[in-house]
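1. sequence-free structure coming up:
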DNA sequence: CGATATCTTGAGGAATCTCAATACTAGTGG
DNA sequence: CCACTAGTATTGAGATTCCTCAAGATATCG
């Protein structure tokens, strides 16, 4: 799959009435499906929002009447069991869309990991746009398709991989998503806490920490300043991730 | 063999040229999105197939040039690690569609659990139909959306539930899917082997077996003839499934 | 610079896995 | 109709990974 070019577009739409036309991450996301002129329809219903770190965007069980686009920052989605056990089902980055698996009520909570910029769309109006622009619908289906494949990979990870394989896969996944967005894929910024990583991988924070230490002392990774991880030996990390 | 001409019934349309219009499970599946007249387009590209139990429909890594509809029977989808560890990502029943998460190559293997009837569609032609009928695209998106939500539930199960909670959730899931298809939801036929269940729940066959035994001796379920399970105390099973 | 949260490390325990033996079941052929 | 076989399921005992609980180290933030 070819990485999407993030070349900052010097597009000259009517920025006043059509801010979306100047959006630098447009091609990464659902909006990339539309032409300049069609984009104005999105501009009409979008509301941009900046949110600090560790804020709840919406909670599991609430009426699902908004969908979102992440234009910068990191968001986590999670589900809870009654006793508080938590499973993070995904981390979202620039260009990711919140609202692919949508029913009456949100089936998960969305919370920012870092300060985040969001495009907020009323769901009803977005649904109307989908009807109006089959291209948009198509793009959304394609994104859902990708998500589904990622979810299947994650099931394999959760059900069958060891702690070491899980952590290795996690780091490679972060790196891969960076490169898809056209960013440098190494070293990898890891903005989420050990506890978040644990709840994403079906482990405890302690096990995640121990596993990082183990990978570090084997020379496969290095922990850098600012929560970055240097994938020293990518090839070996890949072997570890697949149980080799 | 020469086709036998049958007078088309007003109810069912021209069954000869449009067999899909007579399909009894149409409304359960993607085809339910189309009108009688539009259905003929599907009829033109469909090829029905009956397959015995334990047969491979396609394998992970093969060129993904077909999509399928399950019209009867049970299918399992799975991914493998290099050393043979297996994760079953889903079981498919009547009405389920194979081809929601689709790229160049199949990302998983599809294998029948029981004798199965399939509708086979060339992928290119199905893609053309999706472009022609946005309703179809919409339906497929809606199905992908459901799948995605199910996948998230499964991640919670795999990452955070105990063996007992997993097995209870599994049985309730089977029962729930029966009722969605309008069938009796109890007792639940369990056509797949312990080993399949284990690979679906991230457990071993032994643990699955022990857990069935435990639930049985607690009077929550009963094992009946013909691989059926009687959910004696559904309420309690639900509590068990959520860690209550 | 102190307070607080996060991360790391250690020791012991528990759930689940592995290995092994036995029981059951379905299909086959006498 | 029964015995035989091969696959599948159950049960048992011991091993192992990962979890729990606890303490100390490091980082973060006002």
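-> That came in fine, so what should we check first? Predicted model only: the values in this text are computed from it and were never measured. Residues are numbered from 1 along each chain as shown, chains lettered A, B, ... in the order given.
2. OK, contacts around the residue sitting nearest the centre point of chain A?
-> Geometric centre of chain A, nearest residue: residue A:92, 1.7 Å, by CA atoms, centre = their mean. Contact analysis of residue A:92 by CB atoms under 8 Å, 6 or more residues apart in numbering or on different chains lists A:70, A:74, A:75, A:76, A:77, A:98. Every residue, glycine included, has its C-beta placed from N, CA and C.
3. gap between residue A:108 and chain B?
-> Distance check for residue A:108 against chain B: by CB to the nearest CB, to the nearest Å, it reads 6 Å.
4. list phi and psi for that residue.
-> Geometry field for residue A:108 lists phi and psi as phi -160, psi 160, criterion degrees, to the nearest 10.
5. need the contact list for it.
-> Under the criterion of CB under 8 Å, 6+ apart, the contact list for residue A:108 reads A:60, A:77, A:78, A:79, A:89, B:152.
6. now residue A:30
-> Shown here is residue A:30, whose contacts under the criterion CB under 8 Å, 6+ apart are A:69, A:97, A:136, A:139, A:140, A:143.
7. repeat that for residue A:158.
-> Shown here is residue A:158, whose contacts under the criterion CB under 8 Å, 6+ apart are A:166, A:201, A:202, B:155, B:158, B:159, B:202.
8. try 10 Å
-> Under the criterion of CB atoms under 10 Å, 6 or more residues apart in numbering or on different chains, the contact list for residue A:158 reads A:87, A:166, A:200-203, B:87, B:154-160, B:202.
9. next: residue A:134.
-> Under the criterion of CB under 10 Å, 6+ apart, the contact list for residue A:134 reads A:33, B:130, B:131, B:133, B:134, B:135, B:137, B:138.
10. ok so, going back, tabulate the contacts of residue A:30 (TSV), appending distance to DNA strand C, pLDDT and neighbour count.
-> Output for the contacts of residue A:30, formatted as TSV (distance: CB to the nearest atom of the strand, whole Å; pLDDT from 0 to 100; neighbours: other CB atoms under 10 Å in any protein chain shown):
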residue	distance to DNA strand C	pLDDT	neighbour count
A:69	27	97	27
A:97	27	98	21
A:136	38	95	21
A:139	35	96	19
A:140	34	96	23
A:143	29	97	20
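11. wait, which of the residues you listed is closest to residue B:212?
-> Among those, residue A:143 lies closest to residue B:212 (CB to CB), at 39.0 Å.
12. how close does the closest one sit to chain B?
-> The separation that residue A:143 has from chain B, given CB to the nearest CB, amounts to 9 Å.
13. which SSE is that residue in?
-> When elements are assigned from DSSP states H and E, residue A:143 belongs to helix A:134-160.
14. do the same with residue A:125
-> According to DSSP H and E, residue A:125 maps onto helix A:123-132.
15. so residue A:131 sits right up against residue B:141, yeah?
-> No - in this structure residue A:131 lies outside contact range of residue B:141 using CB atoms under 10 Å: 11.6 Å.
16. shared neighbours of the two, anything?
-> Where contact means CB under 10 Å, 6+ apart, the residues bridging residue A:131 and residue B:141 through contact with each are residue A:137.
17. the more surrounded of these two?
-> Relative neighbour count places residue B:141 above the other of residue A:131 and residue B:141, with 23 against 12, counting by other CB atoms under 10 Å in any protein chain shown.
18. which ones are touching that one?
-> With contacts taken as CB under 10 Å, 6+ apart, residue B:141 has the following neighbours: A:100, A:102, A:130, A:137-138, A:140-145, B:100, B:130.
19. who wins for most neighbours among those residues?
-> For the contacts of residue B:141, neighbours were counted by other CB under 10 Å; the highest total belongs to residue A:144, with 25 neighbours.
20. how far away is that residue from DNA strand C?
-> As for residue A:144, its distance to DNA strand C is 30 Å (criterion: CB to the nearest atom of the strand, to the nearest Å).
21. residue A:201 too?
-> The span separating residue A:201 from DNA strand C equals 13 Å under the rule CB to the nearest atom of the strand.
22. next one: residue A:149
-> Going from residue A:149 to DNA strand C by CB to the nearest atom of the strand gives 24 Å.
23. if I pick that residue, what's in contact with it?
-> Applying CB under 10 Å, 6+ apart, we find residue A:149 in contact with B:89, B:100, B:101, B:102, B:103, B:107, B:108, B:151.
24. what number of residues are in the vicinity of residue A:169?
-> As a burial measure, residue A:169 scores 22 neighbours (other CB under 10 Å).
25. just confirm it is within a strand.
-> No - membership of residue A:169 in a strand is not supported by DSSP: H, G, I helix; E, B strand; the rest coil, which gives helix.
26. that one touches residue A:197, doesn't it?
-> No - the pair residue A:169 / residue A:197 is not scored as a contact, 11.5 Å apart, by CB under 10 Å.
27. grab the two from the contacts of residue A:149 that are most spread out in space.
-> Greatest spacing in the contacts of residue A:149, by CB to CB: B:103 and B:151 (16.3 Å).
28. these two: who's more crowded?
-> residue B:151 (23 against 12).
29. list, out of the contacts of residue A:158, those positioned next to DNA strand D.
-> On the criterion CB under 7 Å from any atom of the strand, A:202, A:203 are the entries of the contacts of residue A:158 that sit beside DNA strand D.
30. elements contacting the helix or strand where residue A:235 lies?
-> When secondary structure is defined by DSSP H and E, residue A:235 falls within helix A:234-241. Counting by 3 or more CB pairs under 10 Å, 6 or more residues apart in numbering or on different chains; DSSP states H and E, the packing neighbours recorded for helix A:234-241 are helix A:163-180, helix A:205-217, strand A:221-224.
31. measure how the second one sits relative to helix A:234-241, angle-wise.
-> Read it as helix A:205-217. 140 degrees (axes from the mean of the first three to the mean of the last three CA atoms, to 10 degrees).
32. go on, the longest one?
-> Angle, helix A:163-180 to helix A:234-241, by the same axes, to 10 degrees: 130 degrees.
33. for chain A, give me the ranges with low pLDDT.
-> Applying pLDDT under 70 to chain A picks out residues A:1-16.
34. mind giving me the domain split of it?
-> Domain segmentation of chain A under automatic domain parsing yields A:19-153, A:161-241.
35. from what I see, residue A:128 and residue A:122 are in contact.
-> Yes - in this structure residue A:128 lies within contact range of residue A:122 using CB under 10 Å: 9.5 Å.
36. coming back round to it: out of the contacts of residue A:149, which touch DNA strand C?
-> Those of these which are also neighbours of DNA strand C - as judged by CB under 7 Å from any atom of the strand - do not exist.
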